[in-house]
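Engineer: Just the structure for this:
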Amino acid sequence: MRSKIVFIRFCAFLCLAVFFISVASLPALSSGESTESTSAYRTLKKGDSGPDVTALKTAMYYLGYFTSLNVSDQYNNVMVERVTALQRANGLTADGVAGPELQALVFSGQCVPAKGAPAPTPVPSPARTASPSPSPTPIDAPSAGSTAPGQMPPSTPTPVPPSEDGAATPSPYRTLKKGDNGDAVLRLKTAMYYLGYFTSLDVTGSYNDVMVKRVKALQKTNGLKEDGIASPELQELVFSGMCVPTQGAPAPTPIPTPSPVPLSPSNLPKEVPATDEKGFLLTEDSYLYENDSAGLWLYKTKNISITIARYSENNLVWFETEVWCSPEEPMSSYLSPGNTPGKRYMSPLKMAEDSGAILCLTDDFFGFRLNYNYRTGVVIRDGKVIGSRTYAADRSAFPNLEVLALFRDGSMKCYLSDAHTAQEYLDMGAVSTFAFGPILVTDGRLGPHMTSTSYYHYREPRCAVGMIEPYHYVILTVKGRSDDSKGIYLDWLAQRMLYLGCTEALNLDGGGTVCLIFNGKILNKTTKNLRSVTSLITFGTR
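Structural biologist: This is a model prediction of the structure:
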């Protein structure tokens, strides 16, 4: 009994000791000062808006909780979902509310990034990331030379001491300079856009004279040596959230999530008839516009709107096609005639003529695999099962036969190769399935292989189809194997589809198969290099 009393007294003493130690460790408050008043951030929750919401979303992008920098200043349902995921990853109460403590964690460089989320840029490790000062300027506080909406407040980076063992942490960045090319340059330019050093997101992966000039401007603003070279240290500063933005530069316009970047070429003709917000004509007429030299093609009726724009840059030529359909005139397929679908090869021009469609493009070329008795993948066309033999998920071979399913409500969804049987897709309401791969975008995020620089990383003509929302699609067709266009990598294709607003997108058969036909004419190649196929994706009626 005596030993029990001693034990209870000891526990009580221990609790008191812990209490007094905790109190003693709290910072002293001046008279009339509260802990809440010392915070640089206000609590953000659903329904709020403002530049501090945009700044938080941008910081969360670099932690993998958003897959695009095209964020708005609205604390919407998507923001609640992403904040909840961040809270769970960091062991916090998952209520979707961004309190001052959570925001301080996000901007501290110590926040745990999203597990499994594709990192859109290399994020420096916390040991190498500059930390904000103990009392940072509130994001929504007015000040001289204030930052543009959606940008981090300017602050002087704090030197980071070396690690205890004296060994420097390897930098995730390589030195970039004039003449370099690639995704690393493109990522840096994109980040510099959000700091005001570029005025457009229409940037390339080329470290050219313009890039040298902009890097020098950034170096000057941040008190660094102005040599126009993006060293690892400079890139860490840019991605840390501590880089001083340019003064007086036009603020980038936030694009609401998940709305896409609209395909609005600058050379649209003036005589386009009146349309609704989807581009459908308000009358029973049809409108056709073709301008090969300008690289612009349009077709509109009361049920469909098609816009095709050609782009050329850095020895690359590609076509971006935006299609709005209606339930009365949905996306469809055309198969070569015969008793066995996929057995008969035909010229895509002849098939386009026979189909009567205004827009045709090549698809997964399942007929090739069918004719050689290869696994076709799960292939359905217009409700009929054509092939069902597929690979196990994540097979290393190319194509991996991942699937894009088109449903009766006009929606699309990507799936791993063996996620469902053909009958299961039909039971789910699928009208057609296309099996090729890899998945470029799914659930608004890059596909599982799209952050790898070793996954079949070579330039080719490419073709991809994706969905922004039901009945609203994007087709990306890239020329290759020609003097004017080298072709493109898969990760470029994925990033572009994501940039254009796709929430789901699949890579279709590329190489010599790729063919884009509008009103009976091939846009992406000459008839000399035309490969016979067995099926097409079609839109509209001529």
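
Engineer: just the helices in the stretch 251-400 of the chain please.
Structural biologist: For the stretch 251-400 of the chain, helices defined by DSSP state H, counting those that start in this stretch occupy the ranges 348-355, 366-371.

Engineer: is it possible to export the ones you listed to TSV including mean neighbour count, distance to residue 76 and mean pLDDT?
Structural biologist: Using the backbone N, CA and C atoms, a C-beta is placed for each residue, glycine as well. As requested, the helices of the stretch 251-400 of the chain are exported to TSV (neighbours: other CB atoms under 10 Å; distance: least, CB to CB, whole Å; pLDDT from 0 to 100):
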stretch	mean neighbour count	distance to residue 76	mean pLDDT
helix 348-355	19	41	96
helix 366-371	21	40	94
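
Engineer: hang on, residue 399 packs against residue 434?
Structural biologist: No - the criterion here is CB atoms under 8 Å, and residue 399 misses it with residue 434 at 10.7 Å.

Engineer: Counting neighbours, go ahead and name the busier of those two.
Structural biologist: residue 434 (28 against 22; other CB atoms under 10 Å).

Engineer: Is it correct that the more buried one is in contact with residue 379?
Structural biologist: Yes - applying CB under 8 Å, one finds residue 434 in contact with residue 379, separated by 7.5 Å.

Engineer: Name the residues contacting each of these two.
Structural biologist: Contact with both residue 434 and residue 379 is made by residues residue 364, according to CB atoms under 8 Å, 6 or more residues apart in numbering.

Engineer: For the host helix or strand of residue 468, name the packing helices and strands.
Structural biologist: In the assignment (DSSP states H and E), residue 468 maps to strand 462-469. Judged by 3 or more CB pairs under 8 Å, 6 or more residues apart in numbering; DSSP states H and E, the packing partners of strand 462-469 are strand 359-362, strand 439-442, strand 472-478, helix 490-499, strand 504-507.

Engineer: ok, now with 6 Å
Structural biologist: For strand 462-469, the elements it packs on are strand 472-478, helix 490-499, strand 504-507, judged by 3 or more CB pairs under 6 Å, 6 or more residues apart in numbering; DSSP states H and E.

Engineer: Can you spell out which helices and strands pack onto the last one?
Structural biologist: Under the contact definition 3+ CB pairs under 6 Å, 6+ apart, strand 504-507 sits against strand 412-415, strand 439-442, strand 462-469.

Engineer: quick one, what contacts residue 191?
Structural biologist: residue 238 (CB atoms under 6 Å, 6 or more residues apart in numbering).

Engineer: Looking at the helix or strand harbouring it now, give me its mean pLDDT.
Structural biologist: Element membership of residue 191, judged by DSSP H and E, is helix 183-193. Confidence for helix 183-193, expressed as mean pLDDT, is 83.

Engineer: Next secondary structure after that helix?
Structural biologist: Counting by DSSP H and E, what follows helix 183-193 is helix 209-221.

Engineer: what's the angle between that next one and helix 183-193?
Structural biologist: Per axes from the mean of the first three to the mean of the last three CA atoms, to 10 degrees, the angle that helix 209-221 makes with helix 183-193 is 50 degrees.

Engineer: ok, and what's touching helix 209-221?
Structural biologist: 178, 197, 226, 228, 230, 244, 246.

Engineer: So for those residues, which is the shakiest by pLDDT?
Structural biologist: The minimum pLDDT among those falls on residue 246, with 79.

Engineer: roughly how far apart are the closest residue to it other than its chain neighbours and residue 244?
Structural biologist: Nearest residue to residue 246, sequence neighbours excluded (CB to CB, 6 or more residues apart in numbering): residue 196, at 4.0 Å. Between residue 196 and residue 244 the distance is 10 Å, computed by CB to CB, to the nearest Å.

Engineer: got it, and residue 404?
Structural biologist: 44 Å.

Engineer: And residue 479, by the same measure?
Structural biologist: With CB to CB as the criterion, residue 479 and residue 244 are 41 Å apart.

Engineer: try residue 311
Structural biologist: 33 Å.
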